[in-house]
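In: heads up, no residue letters with this:
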């Protein structure tokens, strides 16, 4: 990836996202890695309150290298990567 910010390379960007029923996000990154991000702690933050609705949470999309919900709610792709954990396909049912 040739994207640069302030002279440094950007980390992997999100290419796909799949929400789960328990407020996790299965993320695929430009590096090919699949990782899982626990979004449950976000529900305590005012800007993310709409995510309490499971149907709203499920509406997440991968866009512009990160994730986004309606109402312009998004999340930093670097934080998604750093705070997620690697998974393998057997862990996702």
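Out: Here it is on my side, so go on. The structure displayed is predicted, hence computed values, not measured ones.
In: low-confidence regions, the protein specifically.
Out: Where the chain drops to pLDDT under 70, the residues are 1-8, 89-93.
In: 80 - rerun?
Out: Low-confidence segments of the chain, defined by pLDDT under 80: 1-10, 88-93.
In: quick one: the helices in this protein?
Out: 54-57, 77-83 (DSSP state H).
In: ok, residues contacting the first one?
Out: Same thing as helix 54-57. Contacts to helix 54-57, defined as C-beta atoms under 8 Å, 6 or more residues apart in numbering, come from residues 19, 21, 23, 39, 50, 51, 69, 70. To be clear about C-beta, it is placed using only N, CA and C from the backbone, and glycine gets the same treatment.
In: these in strands, which ones?
Out: 19, 69 (DSSP state E).
In: which single one of the contacts of helix 54-57 is nearest to residue 58?
Out: Lowest distance from residue 58 to the contacts of helix 54-57 (C-beta to C-beta) belongs to residue 19, with 5.0 Å.
In: is the closest one in a bridge, and if so with what?
Out: Taking DSSP bridges as the rule, residue 19 bridges to residue 25.
In: measure stretch 48-65 end to end?
Out: End-to-end distance for stretch 48-65: 19 Å, by C-alpha to C-alpha, to the nearest Å.
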